[in-house]
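Chemist: Here is my input, please return the structure:
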Amino acid sequence: MPEWLLVALRTLLAVVVLFVMTKLLGKRQVSQLSLFEYITGITIGSLAAYISLDVDTKWFLGIVSLCVWVGVSLGIEFLQLKSKAVRDFIDTKGTILIKDGKVLEKNLMKERLTTDELMEQLRRKNVFLASDVEFAIMEPSGDINVLLTRDNQPLTAKHIGLKVNPEQEPQAVIMDGKIMDEPLATIGLNRQWLNTELEAIGVTPENVFLGQVDADKQLYVDLFDDALVVPKPSKKAALFALLKKCEADIEMFSLSTQDPQAKNMFEDCSYALQNTIAELKPFLTR
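Modeler: Below is the predicted model of the structure:
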C-alpha cells in the first residue's frame with residue numbers, strides 16, 4: 001500500500017476514534033476545562049497525530065494509549081462526581097478576589113493576577129469601579145464572576161414587588177421555509193394557527209427563513225429577502241390601547257350623566273378597569 005494512502009487511512013481512523021472518545025468525555029471537555037482536562041486534551045491530540053503520521057511503528061499502540069488516557073479521565077470524572085475532596089484536589093477551589101468592595105491583594109498574588117488583568121475582567125462584566133463589587137471570585141475554570149452591591153444591581157420586577165408570569169422558551173416553528181410540527185405541538189399550537197398568522201402579515205412559509213413564537217403566542221418572522229419589512233406583532237399593544245380607550249369612554253360617560261346612580265356605577269367601573277389595566281400593563285407593554 002502506498003505510504004500516502006496509509007497516512008490518509010490512519011488519519012481518518014484517528015479522527016473517528018478521537019470523535020468517539022470526545023463524545024465519551026462529554027461536553028465539558030469542549031467548554032470549561034480544569035487543569036487535568038486541559039492536559040488530557042493536549043495529550044489526546046498528540047496521540048491522534050501519532051496514530052496518523054508515525055508509519056514506522058505499530059499504529060495500534062497509539063489507540064491503546066488513547067484508550068488508557070480516556071479511561072483515566074472518565075475514572076477521575078466519576079470520582080469527582082462522588083467526592084468533593086477529589087473535586088477540590090483536581091479542580092481546586094475558587095479564589096475570592098474582592099470582598100465588600102475591597103480587593104484582596106494576597107489572593108491576587110496567589111493567582112498571579114495583576115491589577116490590570118483584574119480590571120479587564122471586571123470591565124468584561126460591565127463593572128468599572130471595584131468599589132461597586134460586593135463579591136468577586138475566580139472560578140477553577142479561570143472565569144471571574146461578580147456580584148454587585150445592592151445599590152448597583154439592575155432593577156428587577158422583584159425589587160418593586162411586581163409579580164410576572166414565568167418566561168417560557170421561544171419555539172422555532174419555521175426553519176429554512178419548512179414548518180416544524182414538534183415545536184408547534186410543544187406550545188399547544190398547530191399548522192392552522194400558524195397559517196392564519198402568516199396570512200395576516202401576507203407571508204407564506206416558503207419565504208420565511210426563521211419563524212419563532214414567544215410565550216404570549218406571538219409570531220416573529222425573519223424572511224429570506226432582507227429587503228422586505230414585516231410588521232412586528234402588535235396584538236398586545238392594540239389590546240392595551242383598547243383598554244385605555246374603554247377607560248376614557250367610561251370616565252366621559254360618568255361626567256356627562258346627571259343621574260347619581262349611573263354616575264356612581266360608571267365611577268366604580270372606571271376604578272375597576274384602572275386596576276385591571278395596572279395589573280396587565282407589564283405584560284401588554286413589554
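Chemist: Helices along the stretch 1-150 of the chain, start to end?
Modeler: 3-25, 35-53, 60-82, 84-91, 105-110, 115-124 (DSSP state H, counting those that start in this stretch).
Chemist: What is the last one packed up against?
Modeler: Just to be clear, that refers to helix 115-124. strand 144-148 (3 or more C-beta pairs under 8 Å, 6 or more residues apart in numbering; DSSP states H and E). Using the backbone N, CA and C atoms, a C-beta is placed for each residue, glycine as well.
Chemist: centre of the chain versus the helix or strand following the strand it packs on, how much separation?
Modeler: Using DSSP states H and E, the next helix or strand after strand 144-148 towards the C-terminus is strand 171-175. Centroid separation for strand 171-175 versus its chain: 17 Å, with C-alpha atoms, centre = their mean, to the nearest Å.
Chemist: number of nearby residues for the closest residue to residue 167 other than its chain neighbours?
Modeler: For residue 167, ignoring the flanking residues on the chain, the nearest one in space by C-beta to C-beta, 6 or more residues apart in numbering is residue 215 at 5.8 Å. Residue 215: 14 surrounding residues under other C-beta atoms under 10 Å.
Chemist: what about residue 215, which SS state?
Modeler: Assigned by DSSP: H, G, I helix; E, B strand; the rest coil, the conformation of residue 215 is coil.
Chemist: is it true that it touches residue 170?
Modeler: Yes - counting by C-beta atoms under 8 Å, residue 215 does reach residue 170; the two are 7.3 Å apart.
Chemist: quick one on the thing from earlier: least reliable of the helices of the stretch 1-150 of the chain by average pLDDT, please.
Modeler: For these, mean pLDDT drops lowest on helix 3-25, to a mean of 65.
Chemist: can I see the domain layout of this protein?
Modeler: 3-89, 95-152, 171-232, 236-284 (automatic domain parsing).
Chemist: Residue 76 versus the residue nearest to residue 167, what's the distance?
Modeler: 41 Å (C-beta to C-beta, to the nearest Å).
Chemist: what do you get for residue 279?
Modeler: Computed with C-beta to C-beta, the distance linking residue 279 and residue 76 is 54 Å.
Chemist: Give me the more crowded residue out of the two.
Modeler: residue 76 (16 against 11).
Chemist: pLDDT of the helix or strand where residue 263 lies, averaged?
Modeler: Following DSSP H and E, one finds residue 263 within helix 260-284. Mean pLDDT, computed over helix 260-284, is 81.
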